[in-house]
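This is a predicted model, with the sequence first.
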Amino acid sequence: MTHDIHRFSGTATYITSPELRHAVNVAVTIQRPLLVRGEPGTGKTLLAEAVAEDLGLELITWNVKSTSKATDGLYVYDTVRRLQDSRFGDHDVSDIRAYIRLGPLGRALTSTERVVLLIDEIDKADLEFPNDLLHELDVMEFTVVETGDRHRAVQRPIVIITSNAEKELPDPFLRRCIFHYIQFPDRELMTKIVRVHHPDIGDTLLELSLEKFAWLRQVKGLRKRPSTSELIDWIGALIAAGVPRGQLAKEIPFLGALIKKEEDIDAVARAVPRGT
């Protein structure tokens with residue numbers, strides 16, 4: 001297994017903090033999964049895409065669901081298809097390997113080239129799911145029980161795992177990961193992010209937009225605070241509609257681009273100072 005050291009520096013469209021870049025590179029260097037947390041809209045999932053783009057590697061994504069099993073990430077033995085083929089007699093069903101379908105983790109471990117593996121929203125699955133991955137993530141190999149075939153990674157994949165903190169992850173799993181919490185962007189970083197997506201935005205519109213956005217995020221009682229991605233969409237709507245700066249200074253046009261819950265819209269209405 002080779003151990004080429006890659007350095008992640010971000011991409012033209014994914015602006016990162018120095019701390020996040022350092023966390024990625026540490027995880028790659030010491031060959032540990034990177035566990036990423038952060039509030040929705042901070043770019044957890046997009047991080048894996050950015051790492052793959054920046055390093056010129058294939059991205060393999062495993063979207064975890066409540067029904068996901070760790071073994072399915074390695075491979076699935078399609079017994080139903082084999083049974084159907086045996087009934088109709090038009091296929092050779094003696095070769096079990098023809099009915100083995102590799103999952104995302106299996107494809108990452110059997111790839112001849114280094115890849116980025118994204119295990120997205122790991123805490124959606126049951127509590128045993130992370131522990132069931134420990135062996136494969138440690139030794140980077142697995143065996144197909146039905147055939148006895150043993151696969152060991154030639155190139156250790158870069159593993160990025162996202163979590164929404166919906167449930168506590170087991171301590172043995174956490175010990176094997178590098179952890180990073182993506183802080184919500186500060187004003188300086190947010191300005192850079194907006195200018196990447198809207199390079200022609202005027203300074204006044206940018207400042208007013210960020211002020212309104214920051215105010216919204218501080219409104220008490222919000223169930224879902226607006227995220228970076230929603231800010232980008234909202235500014236796009238403002239530009240497309242040609243909203244005058246005076247109007248933006250007095251109100252928040254297209255509020256539905258930022259606030260997505262009815263009770264949050266009511267909270268914003270209550271927070272608006274009287275007389276405005």
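Sure thing, it's come through.

contacting residues around the closest residue to Val268 other than its chain neighbours?
Spatial nearest neighbour of Val268, excluding adjacent residues (C-beta to C-beta, 6 or more residues apart in numbering): Val219 at 5.5 Å. The way it works is simple: take the backbone N, C-alpha and C, and place the C-beta from them, glycine included. Counting by C-beta atoms under 8 Å, 6 or more residues apart in numbering, Val219 touches 264, 267-268, 271.

Going by neighbour count, which of those comes out on top?
Greatest neighbour count in the contacts of Val219, by other C-beta atoms under 10 Å, goes to Asp264: 20 neighbours.

how many other residues sit next to the residue lying closest to that one once chain neighbours are set aside?
In space, not counting the residues next to it along the chain, Asp264 is nearest to Leu222; the distance is 5.0 Å by C-beta to C-beta, 6+ apart. Applying other C-beta under 10 Å, we find 18 residues neighbouring Leu222.

quick one on the thing from earlier: and the residue nearest to Val268, how far from Thr67?
As judged by C-beta to C-beta, to the nearest Å, Val219 and Thr67 stand 36 Å apart.

What are the buried residues along whichever strand or helix holds Asn131?
Using DSSP states H and E, Asn131 maps to helix 128-132. Applying a neighbour-count criterion of 16 or more other C-beta atoms under 10 Å, one finds 129-130, 132 buried in helix 128-132.

Then stretch 117-127?
Those buried within stretch 117-127 under the rule 16+ other C-beta under 10 Å are 117-125.

Apart from its neighbours in sequence, what residue is nearest Gly10?
Using C-beta to C-beta, 6+ apart and skipping residues adjacent in sequence, the residue nearest Gly10 is Thr16, 4.4 Å away.

re the thing from before, tell me the contacts of the residue nearest to Asp264?
Leu222 sits in contact with 216, 259, 264, 267-268, where contact means C-beta under 8 Å, 6+ apart.

tell me which element the residue nearest in space to the middle of the chain falls in.
When C-alpha atoms, centre = their mean is applied to the chain, the residue found nearest the centroid is Thr45 (1.4 Å). Per DSSP H and E: Thr45 is located in helix 44-55.

Which residues does that helix contact?
Against helix 44-55 from outside (C-beta under 8 Å, 6+ apart): 6, 8-11, 13-14, 16, 20, 24, 36-38, 43, 57-59, 61, 115-116, 118, 120, 158, 160, 162, 182.

State the next helix or strand along the chain beyond it.
Helix 44-55 is succeeded, C-terminally, by strand 58-63 (DSSP H and E).

List the buried residues of the worst-scoring helix or strand of the chain on mean pLDDT.
Using mean pLDDT, DSSP states H and E, helix 79-88 stands out as the lowest-scoring helix or strand of the chain, at a mean of 81. Buried positions in helix 79-88, judged by neighbour count with 16+ other C-beta under 10 Å: 82, 85.

Distance from it to the middle of the chain?
37 Å (C-alpha atoms, centre = their mean, to the nearest Å).

For that helix, name the packing helices and strands.
Helices and strands touching helix 79-88, by 3 or more C-beta pairs under 8 Å, 6 or more residues apart in numbering; DSSP states H and E: there are none.

any idea of the mean pLDDT in the next helix or strand after it?
Reading on from helix 79-88 to the C-terminus, the next helix or strand found by DSSP H and E is strand 100-102. Averaging pLDDT along strand 100-102 gives 93.

cool, stretch 178-185 as well?
Across stretch 178-185, pLDDT averages out at 94.

contacts for it?
So stretch 178-185 is in contact with 17, 19-20, 23, 26-27, 30, 32-39, 42-44, 47, 193, 228, going by C-beta under 8 Å, 6+ apart.
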